[in-house]
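*Asks:* structure of the sequence below:
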Amino acid sequence: MTTPVEIPCIGCVVMLLDHREDQSADFGVFCSAEAGKVGCLRHFSTMSLTTDFIGDLVRDANRIDRLDACQKRRMLERAVATIKDLREAVGIPKGPGRDIVLDIHTTALSVERGWRDDIQVRETFLLAAGMIRDLHIVLDSGTTVSLV
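*Replies:* A predicted model of the protein is given here:
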């Protein structure tokens, strides 16, 4: 198993969260500059990784009954991490109060215990996909958010 080091970009985070040891060579998880260490995936486009992940969320929402609880939890936790990273990249600060990302994370933790049915999980997958899509559009447009 690979031990992670500092991760410099969103693309690396997304790839690491979906990392499988047997696929590391195919997906370029190891940085060519530092053999054996997890590094920046400069040859991967962060935007295409994000778009692919949105597609994965929608596809899995449509086949939610075929996923086991661990796969559902893992996808939702990956969505939470992606949303947090994209918010940071766009410039949306963490603030006090209730955050919908907390609801997504709560659903992720509740899935394995059987506290959420497939309809609720499907809705959460689609909610996360929509949030990631919106943040992706904002990031891609070059818009930054600043609070006055």
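*Asks:* all contacts plus neighbour counts: C-alpha atoms, from now on.
*Replies:* Noted.
*Asks:* ok, and what's touching stretch 69-80?
*Replies:* 14, 17, 57, 64, 101, 104-105, 107-109, 111-112, 121, 125, 128-129, 132 (Cα atoms under 8 Å, 6 or more residues apart in numbering).
*Asks:* shaky segments in the chain?
*Replies:* Within the chain, the stretches with pLDDT under 70 are 1-47.
*Asks:* just the helices in it please.
*Replies:* For the chain, applying DSSP state H gives helices covering 10-17, 24-27, 46-62, 69-90, 100-111, 118-141.
*Asks:* now do the fourth one against helix 118-141, angle only.
*Replies:* Computed with axes from the mean of the first three to the mean of the last three Cα atoms, to 10 degrees, the direction of helix 69-90 lies at 30 degrees from that of helix 118-141.
*Asks:* list the buried ones in helix 69-90?
*Replies:* 69, 71-73, 75-87, 89-90 (16 or more other Cα atoms under 10 Å).
*Asks:* go on, the third one?
*Replies:* By neighbour count, with 16+ other Cα under 10 Å as the criterion, the buried positions of helix 46-62 are 46, 49-51, 53-54, 57-58, 60-61.
*Asks:* one step back: in a markdown table: the helices of the chain, plus distance to L147.
*Replies:* As requested, the helices of the chain are arranged in a markdown table below (distance: least, Cα to Cα, whole Å):
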| stretch | distance to L147 |
| --- | --- |
| helix 10-17 | 23 |
| helix 24-27 | 38 |
| helix 46-62 | 25 |
| helix 69-90 | 12 |
| helix 100-111 | 19 |
| helix 118-141 | 16 |
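*Asks:* between those, which one is nearest to V148?
*Replies:* With Cα to Cα as the measure, helix 69-90 is the member of those nearest V148 (15.5 Å).
*Asks:* still on that earlier bit, can you put the buried residues of helix 46-62 in CSV and add distance to V138?
*Replies:* Converted to CSV, the buried residues of helix 46-62 look like this (distance: Cα to Cα, whole Å):
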residue, distance to V138
T46, 14
L49, 16
T50, 13
T51, 13
F53, 17
I54, 15
L57, 19
V58, 20
D60, 24
A61, 24
